[in-house]
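Student: Got a sequence here, can you build the structure:
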Amino acid sequence: MAAADFWLFLAGVALFIMGIRQLEEGLQRLAGRSFKLFLRKNSNRSLRAIFSGTVVTMLLQSSSVVNLLVLAFVGAGIIGMQNALALILGANLGTTATSWIIAIVGFELNIEAVALPMVGVAGILYFALRQQSTVAKWLLLLLGFGLMFTGLGFIKSDMEDMVKGF
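Tutor: Residues are numbered from 1 along each chain as shown. Reported below is the predicted structural model:
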C-alpha cells in the first residue's frame with residue numbers, strides 16, 4: 001500500500017467519523033417535540049418500523065447510513081432499542097429490495113456525486129447563519145450526511161484501487 005493510499009484511506013475514515021458526529025449533533029439539535037413525535041409515530045409498532053426502515057433505505061440506498069441514523073436516534077434518546085431493532089430489520093429488507101430494483105431496472109442513484117456540493121454549501125451556510133436557528137440545525141444535519149458520504153467515497157475509491165493492485 002502506497003503512502004498516498006494510506007492517507008486517502010485515513011482521511012476517508014476521519015471524514016466518515018466526523019460526519020457521524022455532525023449528524024448526531026444535528027439530530028440532537030433538531031429533536032424538538034414535533035420531530036420526536038414524527039419518529040415515534042413511524043417506529044412505534046414493529047411492522048410500521050420495519051416498513052419505515054425499508055422505505056428510507058430504498059431512498060438513501062445505504063443500509064449502513066440508516067443503521068447509523070438509527071443508532072444516533074437511540075443515542076439521542078429519541079427512540080427505544082426495540083423500535084431501533086425493527087428499523088434495522090427494515091433497513092436490511094430495503095437493501096434487498098433496492099438490489100432487486102437495480103437488477104430489474106438497471107440503474108443506481110449515485111449519492112456520492114452530491115456529497116461534495118452538499119458539504120460545501122451546507123458548511124458555508126451553516127457557519128454564515130446563527131448556529132441556533134432552525135435552518136442552521138438542518139444544515140448541520142446535511143453537513144453530517146455530506147461528510148459521511150465523502151468519507152465513504154474516499155474509503156471506497158482507495159479500496160477499489162488497492163483491490164485492482166492485487
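
Student: pLDDT averaged over the longest helix along the chain - what is it?
Tutor: In the chain, with assignment by DSSP state H, the single longest helix is helix 134-165. For helix 134-165, the mean pLDDT works out to 84.

Student: after the helix or strand of the chain with the lowest mean pLDDT, next one along is what?
Tutor: Ranking every helix and strand in the chain by mean pLDDT, DSSP states H and E puts helix 33-41 at the bottom, with a mean of 75. Helices and strands here follow DSSP states H and E; after helix 33-41, the next one along the chain is helix 46-60.

Student: counting contacts, what elements does that following helix pack onto?
Tutor: helix 63-75, helix 81-105 (3 or more CB pairs under 8 Å, 6 or more residues apart in numbering; DSSP states H and E). Quick note: C-beta positions are derived from backbone N, CA and C, even for glycine.

Student: nearest to T150, of these?
Tutor: With CB to CB as the criterion, T150 lies closest to helix 63-75 of these, at 12.7 Å.

Student: List the buried residues of the longest helix of the chain.
Tutor: 136-155, 158 (16 or more other CB atoms under 10 Å).

Student: From what I see, F16 and G146 are in contact.
Tutor: No: using CB atoms under 8 Å, F16 makes no contact with G146, being 11.3 Å away.

Student: Skipping adjacent residues, who's closest to the most centrally placed residue in the chain in space?
Tutor: In the chain, the centroid-proximal residue (CA atoms, centre = their mean) is V65; its distance is 3.5 Å. Spatially, and ignoring its direct neighbours in sequence, V65 is nearest to M148 (6.7 Å; CB to CB, 6 or more residues apart in numbering).

Student: before we move on, what about L87?
Tutor: G53 (4.0 Å).

Student: just I79 next, same as before
Tutor: For I79, the spatially nearest residue (CB to CB, 6+ apart) is F73, at 4.7 Å.

Student: ok, and the closest non-adjacent residue to F9?
Tutor: D158 (4.5 Å).

Student: From M81, how far out is the one you found?
Tutor: Separation of D158 from M81 (CB to CB, to the nearest Å) stands at 34 Å.

Student: what's the answer for R48, then?
Tutor: 16 Å.

Student: So between those two, which is more surrounded?
Tutor: The neighbour comparison of R48 against M81 (other CB atoms under 10 Å) goes to R48, with 16 against 9.

Student: so the more buried one sits right up against N42, yeah?
Tutor: Yes: the pair R48 / N42 is scored as a contact, 6.2 Å apart, by CB under 8 Å.
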